[in-house]
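>>> structure for this input, please:
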Amino acid sequence: MAHLLGAESLHLEYPTRVVFDSVTLGVSQGDRIGVVGRNGDGKSTLMSLLAGRLEPDSGRVTRRRDVTVGMLDQRDDLPDALTVGWAIVGDREEHLWAGDPRVRDVLAGLVADIPWDATIGELSGGQRRRVALAALLVHDHDLLFLDEPTNHLDIEGVAWLASHLKQRWASGSGALVVVTHDRWFLDEVSTSTWEVHDGIVEPFEGGYAAYVLQRVERDRMAAVAETKRQNLMRKELAWLRRGAPARTSKPKFRMDAAAALIADEPAPRDAVELTKLATARLGKDVVDLLDVTVEFPPKTVLRDVEWRIAPGERTGILGINGAGKSTLLGLVAGTVEPTAGRVKRGKTVKIATLTQQLDELDGVRDQRVSAVVADKRTTYLAGGKEVTPGQMLERLGFTNAQLSTPVKDLSGGQKRRLQLLLILLDEPNVLILDEPTNDLDTDMLAAMEDLLDGWPGTLLVVSHDRYLVERVTDQQYAVIDGAFRHLPGGIDEYLRLRRERGAAPSAAGGVGSTPASAAAPAPGLSGAALRTAEKELASIDRRLAKLAGQVAEHHESIARHDQSDYVGLGRLTEELRALEGEIADHETRWLELSEQLEG
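Purely as a prediction, here's the structure:
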């Protein structure tokens, strides 16, 4: 593969710390790289260095002369006076951009609900972000750097963006480097992963699921003294292996190692025990919505909704922006009154909402973290065990030094974690999470999910983070056209229903006019071709199993062979290499067939 960009011995430091120390890496044609790491470890800084936005203190970044690079920053720098149309396509003639399938796809996928003649200054922050992303994607770049591209996109928008990036370049061409906390998106678009930590960049093969597997193996083999983090990642891996629908197509020869690693790992949650605990705290009655209708004239937001929430229920709620999800949760929380029907609440119900506004921290901004937590309970029940608030803080990534930090000086992610902890220490028995993933990196999201696994109450989640919804909830519902509908098939069923309704996969979830229609997705295999591909896939599985046995036999033969017989050892080694080469060829073909069948 042709080399596009390289970084050699990059060193960058600030007065208080070294960000990167002697980092060397490269990007080639066909690379699809996801970047992960803790907040503040330098993910965005690395992108800026590679894209030429930031100069290193020493070392250099080289780029092939004809390579075109595009970058989406976290910051929005679009001038307020520009119109949406001008910001995206500039002064290009309409017949030029309207006749381009890629441009039409981007416009339909990202800005279908935004008026073409509106100025940037009139838009919300989310709309501005989507316009900036559209302005980047309508151009033909060899290399794209995307910093948190899924921010302000709903589940449909994230699915559209993943599909667009997977089809944007032909196989083996173009390159993508993306920083995001959306783990489902990482797994969809990336074929390799860079972990940024402790001043270095460590490469891993595969997307997020493969990265988790290799990270657990790395920690185990190196016998690192990170037992807590290792156990947490094992739990994450167990869920990836067992439950996530999007991961069931991963190659069997890759997942055998995962199965061995998690053979004794329990399921993330003991659903029966949690339900018993929740029932003991709540009784049998939680909140019932009975034939509820909510109108905000002239619009009917919800119509004839019936939802009987059970003790210990864990439900994810889906829907486009403006569909009525917040209204539905307002009915549950008691902040919205129904126009018709009634809401029945159990006598012992105590509801708490994790909002996006951090309201819980307003009154304690000047206090130290330790003092804020000390004002709450001295012990807390988590996973059937009593833990102290200090132990809870540790599980959520707070160090001893950070305990003496004033709340106002915490980072956005630290404030978010402290907000969650304060809510849990109040011991509600119904918890509503409204976009809880903001400002959290992948490690902290895993820590938050681990904490919620042992929380004995009813959990209702609204989030555009597909991975989170699938990870912490047991069932999903959707608000569609004012109705509340159960989704036995989960998020995949929701996306199918949206497609069947003929809705353009708008990133904002809105339905509005667009200058162009979306390009139709490429059809998958069907008929005889489908049956042939399935037979070949099964044949490859059988052949790989046989080859694995032959490789094991060759390793034993080499070990038993006379070590002074160099000729014989050389022959056995050559045979082993031939077998390994055949395995690699079959694995490549396995992946090609899998992609065709998924299409």
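
>>> give me the helix or strand of this structure that scores worst on average pLDDT.
helix 271-282 (a mean of 52; mean pLDDT, DSSP states H and E).

>>> immediately after it, which helix or strand?
Downstream of helix 271-282, the next assigned helix or strand under DSSP states H and E is strand 287-296.

>>> chain center to that following strand, what's the gap?
32 Å (CA atoms, centre = their mean, to the nearest Å).

>>> just the CA trace of it, in PDB.
Extracted in PDB, the C-alpha atoms of strand 287-296 (Å, rounded to 0.1, in the frame of the first residue of the first chain):
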ATOM      1  CA  VAL A 287     -44.700   4.200  36.900                       C
ATOM      2  CA  ASP A 288     -47.600   3.300  34.600                       C
ATOM      3  CA  LEU A 289     -48.600   5.500  31.600                       C
ATOM      4  CA  LEU A 290     -52.200   4.600  30.700                       C
ATOM      5  CA  ASP A 291     -53.500   5.600  27.300                       C
ATOM      6  CA  VAL A 292     -51.600   8.900  27.600                       C
ATOM      7  CA  THR A 293     -51.800  11.600  25.000                       C
ATOM      8  CA  VAL A 294     -49.700  14.800  25.000                       C
ATOM      9  CA  GLU A 295     -50.600  17.800  22.800                       C
ATOM     10  CA  PHE A 296     -48.700  21.000  22.300                       C
END
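
>>> that strand - contacts with which helices or strands?
With contacts taken as 3 or more CB pairs under 8 Å, 6 or more residues apart in numbering; DSSP states H and E, strand 287-296 sits against strand 299-309, helix 325-333, strand 340-345. Heads up, the C-betas are built off the backbone N, CA and C, glycines and all.

>>> for the last one, C-alpha coordinates in PDB please.
What that stands for is strand 340-345. C-alpha atoms of strand 340-345 as PDB (Å, rounded to 0.1, in the frame of the first residue of the first chain):
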ATOM      1  CA  ALA A 340     -55.400  12.800  28.100                       C
ATOM      2  CA  GLY A 341     -55.000   9.500  30.000                       C
ATOM      3  CA  ARG A 342     -53.300   9.200  33.300                       C
ATOM      4  CA  VAL A 343     -49.900   8.500  35.000                       C
ATOM      5  CA  LYS A 344     -49.900   6.200  38.000                       C
ATOM      6  CA  ARG A 345     -46.800   6.200  40.300                       C
END
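
>>> return the list of helices and strands in contact with that strand.
strand 287-296.

>>> give the buried residues for the strand it packs on.
Neighbour-count burial for strand 287-296, with 16 or more other CB atoms under 10 Å as criterion, is recorded at 287-289, 292, 294.

>>> what about the strands in the stretch 101-250 of the chain?
In the stretch 101-250 of the chain, the strands defined using DSSP state E, counting those that start in this stretch lie at 143-147, 175-179, 192-197, 200-205.

>>> on contacts alone, who are the packing partners of the third one?
What that stands for is strand 192-197. strand 32-37, helix 43-51, strand 200-205, helix 208-222.

>>> using CSV, write out every CA atom in the second one.
As requested, the backbone C-alpha atoms of helix 43-51 are provided in CSV (Å, rounded to 0.1, in the frame of the first residue of the first chain):
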residue,chain,number,x,y,z
LYS,A,43,-5.6,12.3,20.9
SER,A,44,-6.7,15.6,19.4
THR,A,45,-3.1,16.9,19.7
LEU,A,46,-1.9,13.9,17.7
MET,A,47,-4.4,14.6,15.0
SER,A,48,-3.3,18.3,14.8
LEU,A,49,0.3,17.3,14.5
LEU,A,50,-0.3,14.8,11.7
ALA,A,51,-2.6,17.2,9.9
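
>>> just how off-centre is that helix within its chain?
Worked out by CA atoms, centre = their mean, helix 43-51 lies 20 Å from the chain centre.

>>> could you give the angle of it to strand 32-37?
With axes from the mean of the first three to the mean of the last three CA atoms, to 10 degrees applied, the angle from helix 43-51 to strand 32-37 works out at 140 degrees.

>>> what's the angle between helix 43-51 and strand 192-197?
Using the same axes, to 10 degrees: helix 43-51 against strand 192-197 is 120 degrees.

>>> among the helices and strands packed on strand 287-296, which is nearest residue 7?
Residue 7 lies closest to helix 325-333 among those, at 43.0 Å (CB to CB).

>>> helices and strands around that closest one, which ones?
Against helix 325-333 (3+ CB pairs under 8 Å, 6+ apart) you get strand 287-296, strand 299-309, strand 314-318, strand 351-354, strand 430-434, strand 458-462.

>>> helices or strands up against the longest one?
In other words, strand 299-309. Counting by 3+ CB pairs under 8 Å, 6+ apart, strand 299-309 packs on strand 287-296, helix 325-333, strand 483-487.

>>> hang on, the earlier thing: and among the helices and strands packed on helix 325-333, the most buried is which?
Counting by mean count of other CB atoms under 10 Å, strand 314-318 has the highest mean neighbour count of the helices and strands packed on helix 325-333, with a mean of 25.

>>> any residues touching that one, and which ones?
By CB atoms under 8 Å, 6 or more residues apart in numbering, the residues outside strand 314-318 that reach it are 155, 309, 325, 328-329, 458-463, 469-470, 472-479, 487, 491, 494.

>>> just the buried members of those residues?
155, 309, 325, 328-329, 458-463, 469-470, 472-473, 476-479, 487, 491, 494.

>>> any idea how far stretch 2-15 is from the chain center?
The answer for stretch 2-15 is 27 Å, by CA atoms, centre = their mean.

>>> do stretch 423-433 as well
Centroid displacement of stretch 423-433 relative to its chain, using CA atoms, centre = their mean, is 24 Å.

>>> returning to that earlier point: which among the helices and strands packed on strand 299-309 is found nearest to residue 193?
Comparing the helices and strands packed on strand 299-309 by CB to CB, strand 483-487 comes nearest, at 30.1 Å.

>>> ok, the residue lying closest to residue 7 once chain neighbours are set aside - how many residues close by?
Among residues not flanking residue 7 along the chain, residue 61 sits closest, at 4.9 Å (CB to CB, 6 or more residues apart in numbering). When neighbours are counted by other CB atoms under 10 Å, residue 61 registers 16.

>>> residue 61: which element?
Using DSSP H and E, the element containing residue 61 is strand 58-63.

>>> buried set for that strand?
Per 16+ other CB under 10 Å, strand 58-63 contains these buried residues: 59, 61, 63.

>>> nearest to residue 350, of these?
Using CB to CB, the buried residues of strand 58-63 come closest to residue 350 at residue 61, 54.5 Å.

>>> I figured the closest one hits residue 4, correct?
No - in this structure, residue 61 is not within contact of residue 4 by CB atoms under 8 Å, at 11.4 Å.

>>> which stretches in the stretch 351-500 of the chain count as helices?
Counting by DSSP state H, counting those that start in this stretch, the stretch 351-500 of the chain has helices at residues 369-374, 389-395, 412-425, 442-453, 466-472, 490-500.

>>> ok, of those, where does mean pLDDT dip lowest?
With a mean of 76, helix 389-395 has the lowest mean pLDDT of those.

>>> elements contacting that one?
Applying 3+ CB pairs under 8 Å, 6+ apart, we find helix 389-395 packed against helix 369-374, strand 380-382, helix 412-425, helix 442-453.

>>> could you dump the ones you listed to TSV with distance to residue 557 and mean neighbour count?
Listed next are these as TSV, based on distance: least, CB to CB, whole Å; neighbours: other CB atoms under 10 Å:
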stretch	distance to residue 557	mean neighbour count
helix 369-374	61	19
strand 380-382	52	17
helix 412-425	53	20
helix 442-453	43	21
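
>>> let's have these in TSV, adding distance to residue 305.
Below are the helices and strands packed on helix 389-395 laid out as TSV (distance: least, CB to CB, whole Å):
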stretch	distance to residue 305
helix 369-374	38
strand 380-382	33
helix 412-425	26
helix 442-453	26
